[in-house]
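Enquirer: Sequence first, then the predicted structure:
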Amino acid sequence: MMNDGGGESSSESTVMDGGDAAPLPPIKGGDKQKEKEKARVSKTSAILWHAHQNDATAVRKLLEEDRTLVNARDYDNRTPLHVASLHGWIDVAKCLIEFGADVNAQDRWRNTPLADAEGAKKVGMIELLKTYGGLSYGQNGSHFEPKAVPPPLPNKCDWEIEPAELDFTNSAMIGKGSFGEILKAHWRGTPVAVKRILPSLSDDRLVIQDFRHEVNLLVKLRHPNIVQFLGAVTERKPLMLITEYLRGGDLHQYLKEKGALSPSTAINFALDIARGMAYLHNEPNVIIHRDLKPRNVLLVNSNADHLKVGDFGLSKLIRVQHAHDVYKMTGETGSYRYMAPEVFKHRKYDKKVDVFSFGMILYEMLEGEPPLAGYEPYEAARYVAEGHRPTIKSKGFVPELKELTEQCWAADMNQRPSFLEILKRLEKIKENLPPEHPWHFFSG
């Protein structure tokens, strides 16, 4: 939880919920279709960027070249008018409206540009949008359909922490994300990890909304393989979320240092991850992680004898009515390299997206390198979405492990096993694993 992508290169970073458009990596390939797509992605990024920068001249030039860009959408379904409205850029908004912008376009939170302008208290923009028939409505942060189920919360005073109780005297930065920083600090004498929202974003409606959502999820989680929530600062600025501090770092760093793991170590790690995920996927209130990757799996200590799943910034709580309910949620949420094809393609998906990511992690533990390491993250996700999978080469893949991994990343999500089934199969594989004798190569 508390690594929040710390130390992550921009090419491997999480696709964040909310915020402005992120430029997509270039798409390689020579055919015309790819070139067209690349040009389209580039123009969409450009108009959203110029709208963000309050450059009405550049916006007009792009629209004169291609009028359809007026309603271009980023991965959060936000249009250039949403961006201009949030910042109060009147000239950009007037230009967009002149070229036929949909004043009541809804982003993935169902918010209109006017709702954004009102949230940001941009008076001039509010008047302008109302003049052109702008309406203020939205779901105020419901990131998916059907509507989110509010988790049962204990009395707030049980977990609201006084900022004065946090000691940052010898604090150390252990991670950094788009919305804040992760620090090792002390709370009542105990080392803790603190996610602190950047002061400059403390008044950002969407940031606050996502922060509260994460707190509300963590409050109700109790499991040995889930990073433990300790409390939060929600009534003062900066907003802070406090969890246990895990000394072992994250699985990404561990694999970087150790390389391929032995089958028995990989299976023990996989069992810990699967236990945590089976708990999250327990019906009827299912929590879909949506960003399961080595950076979000933490080691309790340097002995690496116990793992915990963390970072619930992108997780979603849904109430399952029927065993095979599938929901339309945000596409391209999570990290490209571990992303299920249905997420990349903006299709409907369910909790089996986490099983896909788990299969990719299992591959990485046994192969000693990230899946499709030769590809940039975005290209890797695209390659997987086209039906390809990483090539299994390691001898550590006993037939049963190979079969399990391939089922976890099956294209048809209904063919992927549940985490309860994965646990049973891993236990059986562990029992039948031949003993490891590192000295066998000395025998003649």
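Expert: Right, received. Where do you want to start?
Enquirer: When you work out contacts or count neighbours from here on, use the C-alpha atoms and nothing else.
Expert: Will do.
Enquirer: Now do the same contact list for I197.
Expert: 179-181, 238-240 (Cα atoms under 8 Å, 6 or more residues apart in numbering).
Enquirer: Spit out the contact partners of D107.
Expert: D107 touches 76-79, counting by Cα under 8 Å, 6+ apart.
Enquirer: A helix includes it, no?
Expert: No: counting by DSSP: H, G, I helix; E, B strand; the rest coil, D107 is located in no helix; its state is coil.
Enquirer: Going forward, count from 46.
Expert: Sure, I'll start counting at 46 from here, so that last one is D152.
Enquirer: Could you tell me how far it is located from M384?
Expert: D152 sits 22 Å away from M384, going by Cα to Cα, to the nearest Å.
Enquirer: and what of S307?
Expert: S307 sits 25 Å away from M384, going by Cα to Cα.
Enquirer: Who has more neighbours out of the two?
Expert: With neighbours defined as other Cα atoms under 10 Å, S307 and M384 compare such that M384 has more, 28 against 16.
Enquirer: Show the contacting residues for the more buried one.
Expert: Listed by Cα under 8 Å, 6+ apart, the contact set of M384 reads 336, 377, 398, 401-402, 426.
Enquirer: Low-confidence bits of the chain, can you list those?
Expert: Along the chain, the model assigns pLDDT under 70 to residues 46-86, 183-202, 222-223, 357-379, 481-489.
Enquirer: close enough to count as contact, N156 and Y182?
Expert: Yes: N156 is within contact range of Y182, at 5.8 Å (criterion: Cα atoms under 8 Å).
Enquirer: Overlap of the contact sets of these two?
Expert: Contacts common to N156 and Y182, judged by Cα under 8 Å, 6+ apart, are absent.
Enquirer: of these two, who's got more company?
Expert: N156 (23 against 16).
Enquirer: which residue ranges form the strands in the chain?
Expert: Secondary structure of the chain by DSSP state E: the strands cover 211-221, 225-232, 235-242, 274-278, 285-289, 330-333, 342-344, 352-354, 361-364.
Enquirer: Which elements pack onto the second one?
Expert: Based on contacts counted as 3 or more Cα pairs under 8 Å, 6 or more residues apart in numbering; DSSP states H and E, the elements that strand 225-232 packs against are strand 211-221, strand 235-242.
Enquirer: buried sites along the shortest one?
Expert: Using 16 or more other Cα atoms under 10 Å as the burial criterion, the residues of strand 235-242 that qualify are 236-242.
Enquirer: Likewise for the longest one?
Expert: When burial is assessed from 16+ other Cα under 10 Å, strand 211-221 yields the following buried residues: 211-212, 219-221.
Enquirer: What of stretch 137-152?
Expert: 137-142, 144, 146-152.
Enquirer: Ok, stretch 93-112 next?
Expert: 93-99, 101, 103-105, 107-108, 112.
Enquirer: tell me the two of those residues that are most distant?
Expert: Farthest-apart pair in these is Q98 and R112; separation 19.6 Å (Cα to Cα).
Enquirer: Quick one: residues contacting R427.
Expert: Contacts of R427 by Cα under 8 Å, 6+ apart are 386, 389.
Enquirer: Relative to Y299, how far out is it?
Expert: Counting by Cα to Cα - R427 and Y299 are separated by 27 Å.
Enquirer: Verify the stated contact: D100 with V137.
Expert: Yes: between D100 and V137 there is a contact under Cα under 8 Å: 6.9 Å.
Enquirer: rewinding a little: now, the buried residues of stretch 137-152 that are in helices?
Expert: Counting by DSSP state H, those place 137-142 in helices.
Enquirer: coming back round to it: between the buried residues of strand 235-242, which is nearest E409?
Expert: So of these, ranked by how close each gets to E409 (Cα to Cα), first place is A238, at 26.6 Å.
Enquirer: got the contact list for the closest one?
Expert: With Cα under 8 Å, 6+ apart, A238 has these contacts: 47, 227-230, 287-290.
Enquirer: who's in contact with A349?
Expert: So A349 contacts G293 (Cα under 8 Å, 6+ apart).
Enquirer: quick one: it from I135, how far?
Expert: Counting by Cα to Cα - A349 and I135 are separated by 55 Å.
Enquirer: list the contacts for A129?
Expert: Contacts of A129 by Cα under 8 Å, 6+ apart are 96-97, 99, 135, 137-138.
Enquirer: got the buried residues of strand 211-221 as CSV, with distance to I271 columns?
Expert: CSV is the format used below for the buried residues of strand 211-221 (distance: Cα to Cα, whole Å):
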residue, distance to I271
L211, 23
D212, 25
I219, 19
G220, 19
K221, 21
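Enquirer: With respect to T279, which of those is nearest?
Expert: Using Cα to Cα, L211 is the member of the buried residues of strand 211-221 that lies nearest T279, at 13.9 Å.
Enquirer: Look up how far G225 lies from that closest one.
Expert: Counting by Cα to Cα - L211 and G225 are separated by 17 Å.
Enquirer: before we move on, what about D457?
Expert: Using Cα to Cα, D457 is found at 36 Å from G225.
Enquirer: neighbour-wise, which of those two wins?
Expert: G225 (22 against 12).
Enquirer: and the more buried one, what does it touch?
Expert: Applying Cα under 8 Å, 6+ apart to G225 gives the contacts 240-243.
Enquirer: What sits closest to it if chain neighbours are left out?
Expert: I242 (4.3 Å; Cα to Cα, 6 or more residues apart in numbering).
Enquirer: what about the nearest residue to M322 once chain neighbours are set aside, neighbour count?
Expert: Closest residue to M322 apart from its sequence neighbours, by Cα to Cα, 6+ apart: F464 at 6.6 Å. Look at F464: counted by other Cα under 10 Å, it has 26 neighbours.
Enquirer: Nothing else from me, thank you.
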